[in-house]
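Colleague: Just to be clear, the model below is a prediction. Sequence and coordinates:
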Amino acid sequence: MLTRSALEIAQEQLLEAAQLAGASPEIVQLLAEPQRVLEVQFPVKMDNGTTKFFKGFRVHHNYVLGPIQGGTRFHPEETLEDIKALSLWMSIKNAVNQLPAGGGKGGIKCNPSELSKGEKERLCRAYVRAIAPMLGAMKDFPGADIGTDIETQSWMLDEWEQMHGMRHEPAAFSGKGLLLGGSAGRPSATGLGVSLAVIETCAKLGKNLAGLEVAVQGFGKVGSWAASLLSRKGAKIVGVSDIGGFIHNANGLDPDALLKYTQEHNSVDGFPGGKSGAKEQIFSCPCDVLIPAAVQSAISEDNASDIKAKIIVEGANGPITPNAEKLLNENGVVVVPDILANGGGTVIAYLERVQGTYNYYWTEKEVHIQYEKMFKDIYNQLYSLSSQKKISMRMAAWSIAISRIEEGVRLRGWI
Ligand code: NAD
């Protein structure tokens with residue numbers, strides 16, 4: 001079977017949604033490709049005295065609604081084509097979340113687990129120098145993604161500020177340390193959004209949170225926070241999987257104890273509070289809600305029919321293949337799409353940009369209250385459109401985003 005690239009899938013979603021939104025052909029042409037692309041090759045001195053040349057990318061997909069916002073990935077298989085697809089998704093995600101921000105993405109083809117701390121720091125600094133023409137607080141605001149974290153973001157900000165005579169510019173990078181202008185509430189942001197998506201969907205479908213059975217694939221930053229927050233609201237976490245295995249307990253797992261165990265043992269496998277199994281068992285686990293929060297294309301035609309949940313909330317980016325989604329729709333499963341459900345990271349990155357611009361910082365509670373309000377308003381809009389037009393929430397989200405971008409394009413006089 002011919003597998004489609006991420007960019008082809010993203011462009012297909014664009015075409016389908018543009019039709020539903022009645023978008024003009026010029027908008028489809030504009031959004032199908034990024035507005036600006038930079039590919040760089042730059043040297044990094046390795047610990048053994050040799051020099052290695054790394055390939056890096058920064059893609060500005062669309063500037064219409066504001067400065068570019070999107071993360072930087074460090075991955076051995078990184079390609080420009082994947083970064084272009086991810087940047088398109090970021091334009092849509094930022095637009096649907098009503099942020100005054102365009103979409104972008106960046107990456108370095110590298111294996112961060114093979115780099116020493118010093119090599120990683122020199123890599124981050126060299127990357128910032130190489131892509132400098134793309135950067136700046138009111139131009140492009142790169143955040144963290146796969147393989148990048150508070151440390152890499154803090155080094156990148158420091159390099160940028162050193163390049164400009166230590167002019168303090170906390171709104172130039174997101175996901176940095178709190179003392180450098182990072183936002184309170186960022187670590188739990190994406191998991192919080194996922195938990196809110198579960199809560200709102202249950203409210204709409206008249207399902208009680210107390211005792212709601214939830215299964216989570218992936219127990220990293222997103223999955224563990226979502227599980228913990230939902231459990232605090234009365235839901236029962238019955239199954240969790242990660243790269244090392246699966247753990248099940250029909251009476252409920254304790255997510256906080258599971259996280260502690262995972263930090264000590266590198267996997268949920270063997271957790272004494274449940275029964276261990278193969279990681280694939282997560283898909284057939286009896287539950288009301290499934291949260292795929294691990295990798296893209298985790299749910300395919302091969303396992304979609306095994307899924308017992310009637311609600312799927314996408315914590316990961318693109319965890320359901322288009323063919324699997326058709327099967328799930330036929331089976332009456334409600335899918336809350338990634339661009340809404342895991343938007344907490346980008347929304348709080350935006351709140352970080354606002355705080356950095358004013359050099360005035362909010363508490364975690366203040367940040368989360370703002371995000372929760374934004375989330376509920378957007379969720380309700382999407383849900384109404386999807387019910388009214390009898391379309392999936394994903395297509396409702398895409399068509400709202402495309403219409404917002406089209407309005408911006410018209411205001412700018414581009415068409
Ligand atoms: P993470 O690296 O912290 O955790 C990933 C988890 O998935 C780990 O528990 C890992 O063991 C598990 N995993 C990996 N491969 C697996 C497999 N084949 N089967 C089962 N489990 C597997 O990553 P994260 O930050 O939690 O991100 C998870 C997903 O959410 C990614 O798709 C990411 O792009 C997306 N996402 C993350 C954020 C964020 O703020 N962290 C924001 C938006 C989207």
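Modeller: Nice, I can see it. Numbers count the residues shown, from 1 in each chain.
Colleague: which parts of the helix or strand encompassing Val194 are buried?
Modeller: Using DSSP states H and E, the element containing Val194 is helix 189-205. Neighbour-count burial for helix 189-205, counted by 16 or more other C-beta atoms under 10 Å, picks out 189-202. In short, each C-beta sits where N, CA and C put it, glycine included.
Colleague: which two in the residues you listed are spaced the farthest apart?
Modeller: Taking every pair in those and measuring C-beta to C-beta, the maximum separation is 20.8 Å, between Ala189 and Cys202.
Colleague: is the longest helix seen in the chain anywhere near the ligand?
Modeller: Secondary structure of the chain read by DSSP state H shows that its longest helix is helix 364-389. No - applying C-beta under 6 Å from any ligand atom, one finds helix 364-389 out of contact with the ligand, separated by at least 12.6 Å.
Colleague: mind listing what's buried in that helix?
Modeller: 367-368, 370-371, 374-375, 378-379, 381-383, 385-386.
Colleague: so how far is Ala144 from Arg129?
Modeller: Arg129 sits 19 Å away from Ala144, going by C-beta to C-beta, to the nearest Å.
Colleague: Neighbour count for those two, which is higher?
Modeller: A side-by-side neighbour count of Arg129 and Ala144, using other C-beta atoms under 10 Å, places Ala144 first with 24 against 13.
Colleague: Kindly state the pLDDT recorded for Met1?
Modeller: The per-residue pLDDT reported for Met1 equals 47.
Colleague: Up against the ligand, what does the stretch 101-250 of the chain have?
Modeller: Taking C-beta under 6 Å from any ligand atom as the criterion, the stretch 101-250 of the chain approaches the ligand at residues 146, 190, 217-223, 241-243.
Colleague: Make CSV out of these and add pLDDT.
Modeller: As requested, those are arranged in CSV below (pLDDT from 0 to 100):
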residue, pLDDT
Ile146, 87
Thr190, 95
Gln217, 98
Gly218, 97
Phe219, 97
Gly220, 93
Lys221, 90
Val222, 95
Gly223, 97
Ser241, 98
Asp242, 96
Ile243, 94
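Colleague: Buried by neighbour count, from the residues you listed: which ones?
Modeller: Here the buried ones among these, as counted with 16+ other C-beta under 10 Å, turn out to be 190, 217-219, 221-223, 241-242.
Colleague: got the contact list for the residue in the stretch 51-200 of the chain that the ligand sits nearest to?
Modeller: When you check the stretch 51-200 of the chain against the ligand by C-beta to the nearest ligand atom, the closest residue turns out to be Thr190, at 3.6 Å. If a contact means C-beta atoms under 8 Å, 6 or more residues apart in numbering, then Thr190 has 221-222, 225, 315, 342, 344-345 as its contacts.
Colleague: Just those residues: which are in helices?
Modeller: Per DSSP H, the subset of the contacts of Thr190 in helices is 221-222, 225, 344-345.
Colleague: Give the pairing partners of the helix or strand containing His248; include direction for each.
Modeller: Using DSSP H and E, His248 sits within strand 245-253. The sheet places strand 245-253 alongside strand 236-242 (antiparallel), strand 275-277 (antiparallel), with pairing taken from DSSP bridges.
Colleague: got the contact list for it?
Modeller: If you take C-beta under 8 Å, 6+ apart as the criterion, strand 245-253 is touched by 231, 236-241, 258, 267-271, 273-282, 285-286.
Colleague: and what of stretch 134-141?
Modeller: The set of residues external to stretch 134-141 that reach it, using C-beta under 8 Å, 6+ apart, is 36, 38, 58, 60, 67-69, 101, 104, 128, 142, 160, 169, 171-174, 349, 353, 356-357.
Colleague: repeat that for 10 Å
Modeller: Residues outside stretch 134-141 that contact it (C-beta atoms under 10 Å, 6 or more residues apart in numbering): 36-38, 40, 57-60, 63, 66-70, 101-102, 104, 106, 128, 131, 133, 142, 156, 160, 163-164, 169-175, 349-350, 352-353, 356-357.
Colleague: which ones among the residues you listed are found in helices?
Modeller: Mapping these onto helices (DSSP H) picks out 128, 156, 160, 163, 349-350, 352-353, 356-357.
Colleague: Mind putting those residues into CSV with distance to Asn329 and neighbour count?
Modeller: Output for the ones in helices among the contacts of stretch 134-141, formatted as CSV (distance: C-beta to C-beta, whole Å; neighbours: other C-beta atoms under 10 Å):
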residue, distance to Asn329, neighbour count
Val128, 43, 24
Met156, 41, 25
Trp160, 45, 21
Met163, 50, 14
Ala349, 31, 26
Tyr350, 31, 26
Glu352, 36, 28
Arg353, 36, 27
Gly356, 41, 25
Thr357, 42, 14
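Colleague: so which pair among the residues you listed is furthest apart in space?
Modeller: Comparing all pairs in the ones in helices among the contacts of stretch 134-141 by C-beta to C-beta, the longest separation belongs to Met163 and Tyr350, at 24.2 Å.
Colleague: which residue does the chain bring closest to the ligand?
Modeller: The ligand sits closest to Gly220 of the chain, with a gap of 1.7 Å, by C-beta to the nearest ligand atom.
Colleague: ok so Pro43 is a strand residue?
Modeller: Yes - residue state for Pro43 (DSSP: H, G, I helix; E, B strand; the rest coil) corresponds to a strand.
Colleague: and it, how many residues sit next to it?
Modeller: Pro43 sits with 12 neighbouring residues when counted by other C-beta under 10 Å.
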